[in-house]
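*Asks:* Got a predicted structure here, sequence first:
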Amino acid sequence: MGGDHCFLAGGNSRLVQALCDGVPVLYEKTVKRIELGEDGVSISVEGDQVFKADMALCTVPLGVLKSRSIVFEPELPERKLGAIQRLGFGLLNKVAMVFPYVFWDEEIDTFGCLNKERSKRGEFFLFYSYHTVSGGAVLIALVAGEAALEFEKVDPAVALHKVLGILKGIYGPKGVTVPDPIQSSCTRWGSDPLCLGSYSHIRVGSSGADYDILAESVNDRLFFAGEATNSAYPATMHGALLSGLREASKILRASEGRVNSDQKKYALQKSLQPRNGVLEDLFMEPDLEFGRFSFVFSYITPDEQQTAGLARITLEKRLLLPSKNHNKKGDQKCQGPVAEVDQEVFHLYAIVSQEQANQLLMARDDDKGRVAFLCKDLGVKLMGYDSTWEVGSSLISSILNARKARRWFQRPKNLKI
Ligand SMILES: Cc1cc2nc3c(=O)[nH]c(=O)nc-3n(C[C@H](O)[C@H](O)[C@H](O)COP(=O)(O)OP(=O)(O)OC[C@H]3O[C@@H](n4cnc5c(N)ncnc54)[C@H](O)[C@@H]3O)c2cc1C
């Protein structure tokens, strides 16, 4: 994603506060049980209070899903449980310190320190200077990996002593005295029951596809968002934000579908949900087009080369029609000579990544050769309209949602923080 790396003045909570302006948020409600029924979702929180809704969005961290501290009734689908188990959820902790004055170089916003011992590689290896955005002489030390696990076991005073030792090791030789901090605070995300870690990563045995599985909704009633559901930007704030937008549009579509089906007084199966014109509409504004090929992708920003999309190939079918003068009262099988040739356009579809589409563009300059390259070299299967819906309905939803998210990002920005 483009843009500068930056610290938000006053802290990230200012962004969150701006986003939830006017949105009712209930705090101190720890979810214990999520029950999915035919006509809605029941959510039980600590203290036996129950909330009922048509749909629910679950954004708890992967660490909480792994711990099974929330009971899902019925149990989550096997493939989702597999992805939850396979993906890793790592640990990164912070020691935040307020000093009486800035003793470090004011020009820099980060600096690092390497440790010779392997198991201590993550111990206070990076320092963030927040003096320009926090209004005080604030330094934050990061501790990761094995060292972060150890960090949670020691007394915060001992940890602070270690951090100060490292700072003295850096600045002492430069003739700079490190003052004692006025205030300090240590995080313990690993032992916090509402986090149980910091953010996700692809562990050995897992893959990026597990993020997409985590993002799958259950019965169009229970939806999932959060950094661990975003394969393009996992482990980030913007990844979490984008996943929320993605799910908001999925929820809107699901509720619209439900209202429509209620109005029609009959229930449509998922695979038969209204779809007329959706593919046609998508391809009205293709993201890429050459020769007989057009493409639509589910990316939020164009640099996501691995993001899946749909290719459409436009072909003509030559129709052999009987002559108008042919005796229609005669044999309906029309054994007479073909008198007219007409042409009808039809489409074939394929699931491709943006990278494959670009390969196709570069590989050949004739459409026949491109079709051969697509099928033989890239091993892509061509499908008709109905199969595309059967196989690619969730991809089509993702493409629609990504388009909405792109429009959202292109809207005039008047968000005040
Ligand atoms: C030390 C550190 C540094 C980072 N630095 C950066 C950075 O520089 N840039 C960047 O983009 N990202 C950074 N990140 C990552 C970023 O903070 C996360 O990816 C992001 O906050 C994840 O958002 P989320 O909404 O998925 O999860 P969270 O922010 O963890 O939100 C989950 C929410 O669910 C709540 N919850 C949990 N269980 C329950 C329950 N049972 N009932 C009710 N509520 C529950 C929690 O209280 C929490 O509010 C950093 C993370 C850490 C730990």
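*Replies:* Good, I have the coordinates.
*Asks:* From residue 200, how far out is residue 172?
*Replies:* 38 Å (C-beta to C-beta, to the nearest Å). (C-beta placed from N, C-alpha, C; glycine too.)
*Asks:* who in the stretch 151-300 of the chain is up against the ligand?
*Replies:* Counting by C-beta under 6 Å from any ligand atom, the positions of the stretch 151-300 of the chain adjacent to the ligand are 189, 194-195, 198-199, 226-227, 235-238, 240.
*Asks:* ok, of those, which come out buried?
*Replies:* Listed as buried from these are 189, 195, 198-199, 226-227, 235, 240; burial here means 16 or more other C-beta atoms under 10 Å.
*Asks:* Output those residues as JSON lines; include the columns secondary structure and pLDDT.
*Replies:* JSON lines is the format used below for those (DSSP: H, G, I helix; E, B strand; the rest coil; pLDDT from 0 to 100):
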{"residue": "189", "secondary structure": "coil", "pLDDT": "97"}
{"residue": "195", "secondary structure": "coil", "pLDDT": "98"}
{"residue": "198", "secondary structure": "coil", "pLDDT": "97"}
{"residue": "199", "secondary structure": "strand", "pLDDT": "96"}
{"residue": "226", "secondary structure": "coil", "pLDDT": "98"}
{"residue": "227", "secondary structure": "helix", "pLDDT": "98"}
{"residue": "235", "secondary structure": "coil", "pLDDT": "96"}
{"residue": "240", "secondary structure": "helix", "pLDDT": "97"}
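*Asks:* about what we covered before: so between residue 172 and residue 200, which is more surrounded?
*Replies:* Higher neighbour count among residue 172 and residue 200: residue 200, with 25 against 12, using other C-beta atoms under 10 Å.
*Asks:* got the contact list for the more buried one?
*Replies:* For residue 200, the contacting residues are 62, 87-90, 211, 227-228, 234-235, by C-beta atoms under 8 Å, 6 or more residues apart in numbering.
*Asks:* The closest residue to it other than its chain neighbours: what's it in contact with?
*Replies:* Nearest in space to residue 200, with sequence neighbours left out and distances taken as C-beta to C-beta, 6 or more residues apart in numbering, is residue 228 at 4.0 Å. By C-beta under 8 Å, 6+ apart, the contact list for residue 228 reads 61-62, 65, 87, 89, 199-200, 211, 214, 234.
*Asks:* change it to 10 Å
*Replies:* 59-63, 65-66, 83-84, 87-89, 197, 199-201, 210-211, 214-215, 234-235, 239-240, 243 (C-beta atoms under 10 Å, 6 or more residues apart in numbering).
*Asks:* Out of the residues you listed, which sit inside strands?
*Replies:* If you go by DSSP state E, the contacts of residue 228 have 88-89, 199-201 in strands.
*Asks:* Now the two most distant members of the residues you listed.
*Replies:* Greatest spacing in the ones in strands among the contacts of residue 228, by C-beta to C-beta: 88 and 199 (9.6 Å).
*Asks:* any common contacting residues for the two?
*Replies:* Common neighbours of residue 88 and residue 199, using C-beta under 10 Å, 6+ apart, are 62, 228.
*Asks:* coming back round to it: which one of the residues of the stretch 151-300 of the chain next to the ligand sits closest to residue 113?
*Replies:* Of these, the one sitting nearest to residue 113 (C-beta to C-beta) turns out to be residue 198, at 20.2 Å.
*Asks:* coming back round to it: tell me which two of the residues of the stretch 151-300 of the chain next to the ligand sit farthest apart.
*Replies:* Among these, 194 and 238 lie farthest apart (C-beta to C-beta), at 21.4 Å.
*Asks:* and the helix or strand residue 143 falls within, which strands flank it?
*Replies:* Using DSSP states H and E, residue 143 falls within strand 137-144. Here strand 137-144 is paired, per DSSP bridges, with strand 92-99 (antiparallel), strand 126-129 (antiparallel).
*Asks:* I'd like the distance from the helix or strand just after the last one to the chain centre, please.
*Replies:* What it means is strand 126-129. As assigned by DSSP H and E, the chain's next helix or strand after strand 126-129 is helix 131-134. Centroid displacement of helix 131-134 relative to its chain, using C-alpha atoms, centre = their mean, to the nearest Å, is 30 Å.
*Asks:* Point out the other elements, helices or strands, that the next helix or strand after the strand holding residue 143 touches.
*Replies:* Moving toward the C-terminus from strand 137-144, the next helix or strand (DSSP H and E) is helix 145-151. For helix 145-151, the elements it packs on are strand 92-99, strand 137-144, helix 156-171, judged by 3 or more C-beta pairs under 10 Å, 6 or more residues apart in numbering; DSSP states H and E.
*Asks:* one more time with 6 Å, if that's ok
*Replies:* Applying 3 or more C-beta pairs under 6 Å, 6 or more residues apart in numbering; DSSP states H and E, we find helix 145-151 packed against no helix or strand.
*Asks:* buried sites along that helix?
*Replies:* Of all the residues in helix 145-151, those buried under the rule 16+ other C-beta under 10 Å are 145, 147-148, 151.
*Asks:* Ok, stretch 68-87 next?
*Replies:* For stretch 68-87, by 16+ other C-beta under 10 Å, it's 70, 72, 76, 80, 83-84, 86-87.
*Asks:* Would you check which pair of those lies furthest apart?
*Replies:* 70 and 86 (18.9 Å).
*Asks:* before we move on, back to that, and the contacts of residue 228, which are buried?
*Replies:* Among the contacts of residue 228, those that count as buried by neighbour count (16+ other C-beta under 10 Å) are 59-63, 65-66, 83-84, 87-89, 197, 199-200, 210-211, 214-215, 234-235, 239-240, 243.
*Asks:* sorry, back to before: make JSON lines from the buried residues of helix 145-151 and add pLDDT to it.
*Replies:* JSON lines is the format used below for the buried residues of helix 145-151 (pLDDT from 0 to 100):
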{"residue": "145", "pLDDT": "91"}
{"residue": "147", "pLDDT": "94"}
{"residue": "148", "pLDDT": "96"}
{"residue": "151", "pLDDT": "96"}
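*Asks:* Quick check: the farthest pair among the contacts of residue 200?
*Replies:* Pairwise distances across these (C-beta to C-beta) peak at 14.6 Å, for the pair 90 and 211.
*Asks:* quick check: domain ranges of this structure?
*Replies:* According to automatic domain parsing, the chain comprises the domains 13-89+195-257, 92-186, 275-323+338-410.
*Asks:* And those domains: which comes nearest residue 2?
*Replies:* So among the domains of the chain, domain 275-323+338-410 is nearest, using C-beta to C-beta, at 6.9 Å.
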